[in-house]
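> sequence and predicted structure are below.
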Amino acid sequence: MTHNGALTRHDWTLDEIIAIHDAPLLDLIARANAVHREFHDVTDVQKASLLSIKTGGCPEDCGYCSQSAHHKEVHLDRINMMQTDEVLAVAARARAAGADRFCMGAAWRSVRDGAQFDSVLDMVRGVRALGMEACVTLGMLTAPQADRLKEAGLTAYNHNLDTGPDYYKNIVTTRTYEDRLDTLKAVRGAGIEMCCGGILGMGESVKDRAAMLQVLAAFDPHPESVPINALAPIEGTPLGHRERIDPLDFVRMIATARIVLPASRVRLSAGRAQLSREAQILCMVAGANSIFYGEALLTTPNVTENEDDALFSALAPRTDAARID
């Protein structure tokens, strides 16, 4: 597929992606910014709000996640399934604060048909009735379940690959990479947008990061949303001891994702709270055009809305009042 002469590819090699990632930083950012401007309005930054509608007790053993029932030393307040009216009240507040997409996450291994899934369908309908895009992340999903979500009006389904296929077994052992891909195929088959990305800073190599982007690029069409997260080390999880990544590693991955997946929204996701305002802006220059807006990401803190308002104010045209004499 071409876009004003630029090519969207599905056949990137690992070596090509690694070479892009490891290019001189200023050259990489310049190339990514040119692609970003070719495919997107650079003033259009999506604001998505995220809510955990069922917290804790997940049977998966993801090494980064505080919600896993395997990590007994994590201190987490478990929350059973929220009521639909509670969720929609939060969604309405998010819309009033400026969010245009509302994402709902449940700590499940997989979706089970029944009353709780029916509640999720009602939540999706309610969010859409508010005039917002609706996204859910519920674990593994069958094709008939994906069809029901589509019928309810779901915009997008989040199901992250986390890392490249070779490193995946070091992070999760209770499911396989193929399990992830099967759910993504069900999502695609139902005509739902894909929201799929990964996490940096789990001990993976640049090759693993590039391999994840290679897998994402092989989807036709590319995922509509690609969240790039930095690990938030949580005490009591197997990855709780990891050091936070260098902000410029974040910038490199954002830029590489923008070049490899030119038409996708690249979301600056978990880990943004640890970035300075200037580092966040550099990520946007490199191609990030979506953020999570609101003070919590499932179980980890996020940038405050006041800080985000200041960030977007800094991006706006200067007014006479803001000019220096």
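Sure thing, it's come through.
> any regions of the chain where pLDDT drops low?
1-6, 55-59, 61-79, 233-234, 236, 238-240, 242, 294-305, 320-325 (pLDDT under 70).
> where's Leu149, which helix or strand?
helix 143-152 (DSSP states H and E).
> so how far is that helix from its chain's centroid?
21 Å (CA atoms, centre = their mean, to the nearest Å).
> so after that helix, what's the next helix or strand?
Next along from helix 143-152, by DSSP H and E: strand 156-158.
> so in that sheet, which strands flank that following strand, and in what orientation?
Using DSSP bridges, strand 156-158 pairs in its sheet with strand 133-137 (parallel), strand 193-195 (parallel).
> circling back: contacts for the helix holding Leu149, please.
111, 113, 117, 120-122, 124-125, 128, 136, 141, 157, 186-187, 189-192 (CB atoms under 8 Å, 6 or more residues apart in numbering). Glycine gets a C-beta too; all of them are placed from N, C-alpha and C.
> quick one: closest of the strands paired with strand 156-158 to Glu224.
strand 193-195 (4.1 Å; CB to CB).
> next, count neighbours for Ser49.
27 (other CB atoms under 10 Å).
> buried residues in the host helix or strand of it?
Element membership for Ser49 (DSSP H and E) is strand 46-54. Within strand 46-54, the residues scored as buried using 16 or more other CB atoms under 10 Å are Gln46, Lys47, Ala48, Ser49, Leu50, Leu51, Ser52, Ile53, Lys54.
> if we take the residues you listed, which one ends up nearest to Met132?
Taking CB to CB as the measure, Met132 lies nearest Ser49 of those, at 8.5 Å.
> gap between that closest one and Asp113?
27 Å (CB to CB, to the nearest Å).
> where do the helices of the stretch 1-150 of the chain begin and end?
14-21, 25-39, 84-97, 115-129, 143-152 (DSSP state H, counting those that start in this stretch).
> and of these, who's closest to Leu311?
Among the helices of the stretch 1-150 of the chain, the nearest to Leu311 by CB to CB is helix 84-97 (14.1 Å).
> taking helix 115-129 as reference, get the angle to the closest one.
With axes from the mean of the first three to the mean of the last three CA atoms, to 10 degrees as the basis, helix 84-97 and helix 115-129 are set at 30 degrees to each other.
> helices or strands next to helix 84-97 in the packing?
Using 3 or more CB pairs under 8 Å, 6 or more residues apart in numbering; DSSP states H and E, the elements in contact with helix 84-97 are strand 46-54, strand 101-106, helix 115-129.
> would you turn the ones you listed into JSON lines with distance to Asp147?
Converted to JSON lines, the helices and strands packed on helix 84-97 look like this (distance: least, CB to CB, whole Å):
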{"stretch": "strand 46-54", "distance to Asp147": "21"}
{"stretch": "strand 101-106", "distance to Asp147": "19"}
{"stretch": "helix 115-129", "distance to Asp147": "11"}
